[in-house]
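Trainee: Need coordinates for the following:
(one chain, ligands or ions: 1)
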Amino acid sequence: MLIAAARLQDMISDIFRAAGCSEAESARIALYLVRSNLAGHDSHGVVRVPRYLDLLRTGDLFRDRELEIISRSDALAIVDGGYGFGQTVGPLAVELGIGMAEAAGTAIVALRHAGHLGRIGEWAEMAAAAGLASVHFVNVAGSMLVAPFGGVDRRFSTAPFAAGFPVPGEAPIVLDFATSAIAEGKVLVAANGGKPIPPDSLITPAGDLSGNPDTLYGPPTGGPRMAKNGAGAIRAFGEHKGSGLALFCELLAGALTGSGCAGPGERRFANGMLSIYMAPAHFGSPEAFSAETRGFIDFVKSARPATPGGEVLVPGEPEARIRAERSNNGIPLPDEVWASLSEAARAAGLSPDTYGSHPA
Ligand code: NAD
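Mentor: Below you'll find the model as predicted:
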C-alpha cells in the first residue's frame, strides 16, 4: 500500500504515546523513522517499530532520556545516551556538536550507549542544515555480524559511516552507508523469499563466498530467522579498504567513546557515534568556500556518463530524489510491514484504519 508520510507519522507517534513515551519523544521517533522511509532507506524506517516496542518492554531501551555530559571542553564532549531512544539522544548530541563547532570552529562529540540511531545520514544532514561539514563513525555493540577481510568469523557490526558537506544554496552532499557488503535487513528479505542478495555478500565458515541467507541464519526452522542461529558472516564491503574502515568505526565509535565494540558474549544493544563537526566560516572566506565547493560539484557531475543516458550523481542525490517522489506520492509499505504496524496500533487501542484507509 501507499500511505502519506503525515498519516504514517501520526500513526507511529500515537503508538509510542500509548507505549508511555512523552508527546515530544513520540513525535521525534515518528519523524525520524518516516524520514528514513522518505529517503528510500526502508530498512531503517517504520519497519523498526515492533523491535523498538520489544526493547521498551524488555527494559533494554528507555523513554525520554536526557543526554548525560560525562566531560566537556570547548572542542570535545563525551556524552552518554543512557540507552535512550536514538531519536532523542541522537539529535541532542548533534545539537551540542553544532553549537560547539560554531563557537570553536570544530568539535568532537563522542556519544556512547545510544539506542538505535537509525539512518546516520540524518545527523550529517542536520549538521549541514546548520552550515557545518561533519563526519560520523558509528558501531553497534551487541550486534556482531561482519567478518573482517581475510577472515571468516564475525568480528564487526555493520558499523555505518556518514559524512555531510554543506553546499551553499544547494542540497548538501551526504555520504552514508553501512561498512558491511549488504545490510542485514536485505539478507532477511532474501531469507523470506524476497529479492536475492549478490552471490558474494556472505562468507561461510569454510571460507566460501555465498549469497544463500542460510549462511547467516542457518537452515529454516519455521521460527523467526535469527543471525545467532547461523555460522557464517556478512562480508565487509570493499575488500581490505572497507574492512579497514569498519575496524575504525568500531575503534572510534566503540572503544574511544566508551560505548563498547562488537565482541564476544552477550552485549547490550547500543550505538556508539564519534562525530566531528567543522564550521567552514572558521576556515576562511565564505565566498571562496562557496565558489570552490559549487564549482567542484559541478565539475564532478560533468563527467561523461559511463553508460548511454546515464548520469553522475553525488552522494545524497538519490535520497533527495526519492524524498521528493515519496513526499508527493506517498510511502510504499509492504503488506507485512503494514500488518505489523496495524497490530502494534491495535495493541495500543488505536484503529489502524484511521491512518491507512485512504490512499496517499
Ligand atoms: P547504500 O549502499 O544504499 O549507500 C547509500 C549511500 O550511497 C548514500 O550516501 C547515497 O547517496 C550514495 N549513493 C547511492 N547511489 C549512488 C549513486 N548512483 N551515485 C552516487 N552516490 C550514490 O547504504 P547502506 O549501506 O545500505 O546503508 C543504509 C542505511 O543503513 C544508512 O542510512 C546507514 O546509516 C544505516 N545503518 C544504520 C546502522 C545503525 O546501527 N544505526 C547500521 C547500519 C546501517
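Trainee: give me the number of residues near the closest residue to residue 84 other than its chain neighbours?
Mentor: Leaving out its chain neighbours, the residue that sits closest to residue 84 by Cβ to Cβ, 6 or more residues apart in numbering is residue 65, at 2.4 Å. Every residue, glycine included, has its C-beta placed from N, CA and C. By other Cβ atoms under 10 Å, the residues close to residue 65 number 20.
Trainee: do residue 242 as well
Mentor: By other Cβ under 10 Å, the residues close to residue 242 number 20.
Trainee: Which residues are in contact with it?
Mentor: Applying Cβ atoms under 8 Å, 6 or more residues apart in numbering, we find residue 242 in contact with 149, 179, 181, 236.
Trainee: Now list the buried members of those.
Mentor: Listed as buried from these are 179, 181, 236; burial here means 16 or more other Cβ atoms under 10 Å.
Trainee: Same list (the residues you listed) but as a markdown table, adding distance to residue 167.
Mentor: Listed next are those as a markdown table, based on distance: Cβ to Cβ, whole Å:
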| residue | distance to residue 167 |
| --- | --- |
| 179 | 25 |
| 181 | 30 |
| 236 | 30 |
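Trainee: ok, those vs residue 271, which is closest?
Mentor: Proximity of those to residue 271 was ranked by Cβ to Cβ; the top entry is residue 179 with 13.9 Å.
Trainee: Quickly note the distance from that closest one to residue 270.
Mentor: Residue 179 sits 17 Å away from residue 270, going by Cβ to Cβ, to the nearest Å.
Trainee: any idea how far stretch 231-247 is from the chain center?
Mentor: Taking the mean of its C-alpha atoms, stretch 231-247 sits 18 Å from the chain's own mean (Cα atoms, centre = their mean, to the nearest Å).
Trainee: Tell me the span between the first and last residue of that stretch.
Mentor: 21 Å (Cα to Cα, to the nearest Å).
Trainee: how about CSV for the buried ones among the contacts of residue 242, with distance to the ligand added?
Mentor: Shown next, in CSV, are those (distance: Cβ to the nearest ligand atom, whole Å):
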residue, distance to the ligand
179, 8
181, 9
236, 11
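Trainee: Check which element follows the one helix or strand residue 342 maps to along the chain.
Mentor: Assigned by DSSP states H and E, residue 342 belongs to helix 335-347. As assigned by DSSP H and E, the chain's next helix or strand after helix 335-347 is helix 353-356.
Trainee: Please work out which residues outside that next one touch it.
Mentor: Under Cβ under 8 Å, 6+ apart, the answer for helix 353-356 is 1, 3, 7, 8, 10, 11, 338, 342, 345.
Trainee: farthest pair in these?
Mentor: The span of the contacts of helix 353-356, defined through Cβ to Cβ, is set by 1 and 10 at 15.7 Å.
Trainee: show me where the stretch 201-350 of the chain has strands.
Mentor: 202-203, 209-210, 233-235, 270-278, 331-332 (DSSP state E, counting those that start in this stretch).
Trainee: Going by contacts, tell me the helices and strands next to the helix holding residue 342.
Mentor: Secondary-structure packing of helix 335-347 (3 or more Cβ pairs under 8 Å, 6 or more residues apart in numbering; DSSP states H and E): helix 5-18, helix 49-57, helix 353-356.
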